[in-house]
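> I'd like to go over a predicted model; first the sequence, then the structure.
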Amino acid sequence: MSNVRVLPRRDRHVIDLPDPEELVDQGERALDLACYGLSEAAPEYSARGVLVAWQRVALIAAVALVILGLVFVPRATGIAVVAIVTAVYGIALVYRLALFHLGAKGGHVVTVSDEEARAVPHAELPRYTVLVPVFHEPLLGELVARLERLEYPRHLLDIRLLLEADDEETNAAASGLALGRHVTVVRVPAHEPRTKPKACNYGFLISESGMCTIYDAEDSPDPLQLLRAVVAMRRLGPRYACVQARLGFYNADQNLLTRWFALDYGSWFGNLLSGLVALGAPIPLGGTSNHFRSDVLRRVGAWDPWNVTEDADLGLRLARAGYQVGVLDSDTGEEANPDAINWVRQRSRWYKGYLQTFLVHMRRPGLVNRQLGARGMVGLVIFIAGTPLLSALNGFFWALTVVWFTSHDPAVAALFPPAIYYLGMVSLILGNLAVLYMGLFTARQMERLGLLIPALLMPLYWILMWLAAVKAVLQLITAPSYWEKTAHGLHKAEAPQAAQTAGVAA
């Protein structure tokens with residue numbers, strides 16, 4: 001690993017989970033490591049406890065200071081709070097536009113042709129573990145059929161269906177399947193936390209492979225994706241721990257919500273993700289279709305089972321350990337959430353996980369700054385923490401705007417001295433126009449003219465984001481590690497085909 005950025009010993013983050021052969025016939029030890037391996041070996045990197053002592057004191061002190069200020073000097077306190085939040089809005093807007101611009105320029109995606117992927121001799125291919133966590137998923141037959149389309153030598157392919165031991169519905173479905181030798185049903189013991197990353201840890205720890213990836217139950221991956229990932233990782237070199245494939249939707253045209261979701265993903269995987277790579281910022285990974293070097297994954301402790309956005313957290317931990325993440329030119333089709341309530345449940349979990357990730361990785365700011373550098377710190381604060389927090393604050397500022405235009409209340413006007421007022425107007429007008437432009441640009445980039453009207457209606461989508469963000473903040477306090485299951489199979493189309501993938505930027 002001579003090309004990996006070498007950190008001072010005090011800054012290194014190395015867990016080194018045991019090799020699979022050490023866990024043979026040791027189910028209890030594997031389960032213990034899956035649940036507590038990271039939190040016991042490196043508790044400062046685990047979300048098992050959200051706040052450490054100094055963060056709890058600082059948060060209580062900040063809330064108390066604001067409350068006291070509102071009681072004794074309400075006008076000055078209100079102006080200060082509005083000024084800080086408005087400035088953060090402005091900075092976040094500029095940062096997101098910069099990422100979008102860098103990503104739209106292209107040049108930061110690894111492309112592997114079909115011919116190049118198929119040309120790798122079987123003798124040079126690593127054993128590949130495919131982790132598929134499933135819970136209350138009766139349609140396992142369709143899932144297995146989609147995975148069987150993967151073009152990879154069967155003697156080197158290790159597909160692991162990770163089922164909860166007490167999930168009678170899914171276990172019953174699995175018992176009726178005729179599975180090849182390369183497909184294994186792994187029953188994960190019922191144990192807290194009941195999360196996807198706990199299941200992935202358990203399946204990964206008892207597997208032997210050179211590469212590893214995750215697919216969700218509804219995924220329809222590019223058949224050559226594993227081969228492309230192998231070639232991409234060799235091309236990128238040992239500094240790279242992972243490549244992230246793009247995600248899109250096979251039911252993007254189902255309703256207005258799925259069209260918004262397609263634009264959302266198209267912007268993220270088509271531009272913002274590449275922008276983060278171009279900027280050299282940490283990459284918050286997606287929950288599926290990320291392809292890892294297995295040895296590196298063990299070295300950093302695999303997934304945090306207590307973090308409900310374990311993918312984003314792992315991307316940060318890889319960056320802190322000195323590794324990089326690339327973007328792979330390969331698509332995986334997913335089911336876009338067509339139901340608003342189900343969508344809010346899913347997005348609130350993502351937002352909650354972003355907040356968990358931020359709090360965990362800001363436990364030692366000085367260390368994180370040395371590990372990530374200034375660009376990484378900016379990305380951690382603005383992108384990871386700012387995305388859910390600013391979405392949660394949107395409702396407050398919408399309410400202030402409505403109050404002002406309906407009543408011209410002088411108390412509202414007093415919160416916006418000229419400097420703050422004009423910055424706020426820039427954020428309101430130019431910011432919203434910029435976001436609408438990014439939506440229209442994404443629709444055109446995807447060559448999906450049917451998404452142009454939904455792009456203009458995106459402000460309605462922001463209301464759902466606000467609801468999800470508020471729920472995330474509240475649930476972070478009441479149930480930080482609770483995993484809200486996303487219901488699948490709500491799309492109207494027939495079983496997905498890889499060729500039908502939509503919502504992915506070309």
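Right, received. Where do you want to start? Residues are numbered from 1 along each chain as shown.

> residue ranges for the strands of the stretch 301-450 of the chain, please.
324-334 (DSSP state E, counting those that start in this stretch).

> can you check the chain too?
128-134, 157-164, 183-188, 211-214, 220-221, 240-249, 290-293, 324-334 (DSSP state E).

> Out of those strands, the one nearest Ala443 is which?
strand 240-249 (13.3 Å; Cβ to Cβ). For glycine as for every other residue, the C-beta is placed from the backbone atoms N, C-alpha and C.

> returning to that earlier point: need the strands of the chain in CSV with distance to Val52 and mean pLDDT, can you?
Shown next, in CSV, are those (distance: least, Cβ to Cβ, whole Å; pLDDT from 0 to 100):
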stretch, distance to Val52, mean pLDDT
strand 128-134, 29, 96
strand 157-164, 31, 96
strand 183-188, 29, 94
strand 211-214, 29, 98
strand 220-221, 39, 95
strand 240-249, 26, 95
strand 290-293, 28, 97
strand 324-334, 27, 96
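
> what does stretch 184-192 rub up against?
27, 31, 34-35, 158-166, 171, 174, 179, 198-199, 202-203, 206 (Cβ atoms under 8 Å, 6 or more residues apart in numbering).

> Now, of those residues, which are buried?
31, 34-35, 158-164, 174, 198-199, 202-203, 206 (16 or more other Cβ atoms under 10 Å).

> Which single one of these is nearest to Leu474?
Closest to Leu474, out of all of the buried ones among the contacts of stretch 184-192 and judged by Cβ to Cβ, is Lys198, at 23.7 Å.

> looking at it, that closest one is touching Leu33, isn't it?
No - with contact defined as Cβ atoms under 8 Å, Lys198 does not count as touching Leu33 (10.5 Å).

> quick one, what contacts the residue most central in space within the chain?
The C-alpha lying nearest the average C-alpha coordinate of the chain belongs to Gly286 (Cα atoms, centre = their mean; 3.9 Å). Gly286 is in contact with Gln244, Leu247, Phe269, Asp311, counting by Cβ under 8 Å, 6+ apart.

> which two from the residues you listed end up farthest apart in space?
Phe269 and Asp311 (13.3 Å).

> quick one: contacts for the closest residue to Asn290 other than its chain neighbours?
Counting by Cβ to Cβ, 6 or more residues apart in numbering, Asn290 lies nearest to Gln244, which is 4.8 Å off, once chain neighbours are set aside. Under the criterion of Cβ under 8 Å, 6+ apart, the contact list for Gln244 reads Leu273, Ile283, Leu285, Gly286, Ser289, Asn290, His291, Val325, Gly326, Val327, Leu328.

> Show me what the top helix by length along the chain is packed up against.
Longest helix of the chain, by residue count under DSSP state H: helix 74-104. Applying 3 or more Cβ pairs under 8 Å, 6 or more residues apart in numbering; DSSP states H and E, one finds that helix 74-104 contacts helix 53-72, helix 273-279, helix 386-407, helix 410-414, helix 418-425, helix 431-445.

> Can you say which of these is nearest to Val109?
Here helix 273-279 is closest among the helices and strands packed on helix 74-104 (Cβ to Cβ), at 6.0 Å.

> Rounded mean pLDDT for that closest one, please.
For helix 273-279, the mean pLDDT works out to 93.

> same thing with stretch 50-63?
Here the average pLDDT along stretch 50-63 is 95.

> before we move on, what about stretch 29-42?
91.

> Give the buried residues for that stretch.
Neighbour-count burial for stretch 29-42 [16+ other Cβ under 10 Å]: Ala30, Leu31, Leu33, Ala34, Cys35, Tyr36, Gly37, Leu38, Ser39, Ala41, Ala42.

> who's in contact with the fourth one?
Shown in contact with Ala34 (Cβ under 8 Å, 6+ apart): Val188, Lys198, Ala199, Asn201, Tyr202, Leu205, Pro305.

> Tell me where the model's unsure across the stretch 401-506 of the chain.
488-506 (pLDDT under 70).

> and if we set it to 80?
485-506 (pLDDT under 80).

> swap in the stretch 1-150 of the chain?
Looking along the stretch 1-150 of the chain with the criterion set at pLDDT under 80, you get 1-27, 138-139.

> Give me the number of neighbouring residues for the closest residue to Ala92 other than its chain neighbours.
Excluding the flanking residues, the one nearest Ala92 by Cβ to Cβ, 6+ apart is Gly386, at 4.8 Å. A count of neighbours around Gly386, defined by other Cβ atoms under 10 Å, yields 20.

> same thing with Ile420?
18.

> What of the one 5 residues further on?
For Met425, the number of neighbouring residues by other Cβ under 10 Å comes to 13.

> So for stretch 117-129, what gets flagged as buried?
Quick answer for stretch 117-129 (16+ other Cβ under 10 Å): Ala117, Leu125, Pro126, Arg127, Tyr128, Thr129.

> Touching that stretch from outside, list them.
151-153, 156-158, 160, 203-204, 207-213, 224, 226-228, 230-231, 294.

> hmm, try it at 6 Å
152-153, 156-158, 207, 209-212, 224, 226-228, 231 (Cβ atoms under 6 Å, 6 or more residues apart in numbering).

> Let's see which of these end up in helices.
Going by DSSP H, the helices hold Leu226, Leu227, Arg228, Val231 from the contacts of stretch 117-129.

> Nearest residue to the second one in space, please, no chain neighbours.
The reference is to Leu227. With Cβ to Cβ, 6+ apart, the residue lying closest to Leu227 is Ala117, at 3.9 Å.

> State the distance from the one you found to Leu224.
Distance of Ala117 to Leu224, given as Cβ to Cβ, to the nearest Å: 5 Å.

> Quick check on Phe269 and Asp311: which one has the bigger neighbour count.
Neighbour comparison, Phe269 and Asp311: the larger count goes to Phe269, with 26 against 23 (by other Cβ under 10 Å).

> looking at it, the more buried one is touching Ala245, isn't it?
No - using Cβ atoms under 6 Å, Phe269 is not in contact with Ala245, being 8.6 Å away.

> thinking again about what came up before, state the phi and psi torsions of the residue nearest to the centre of the chain.
phi -80, psi 170 (degrees, to the nearest 10).

> what's the distance between it and Arg444?
23 Å.

> residues in contact with Arg228?
Val112, Ala117, Ser330.

> cutoff 8 Å now
Applying Cβ under 8 Å, 6+ apart, the residues contacting Arg228 are Val112, Ala117, Asp222, Leu328, Asp329, Ser330.
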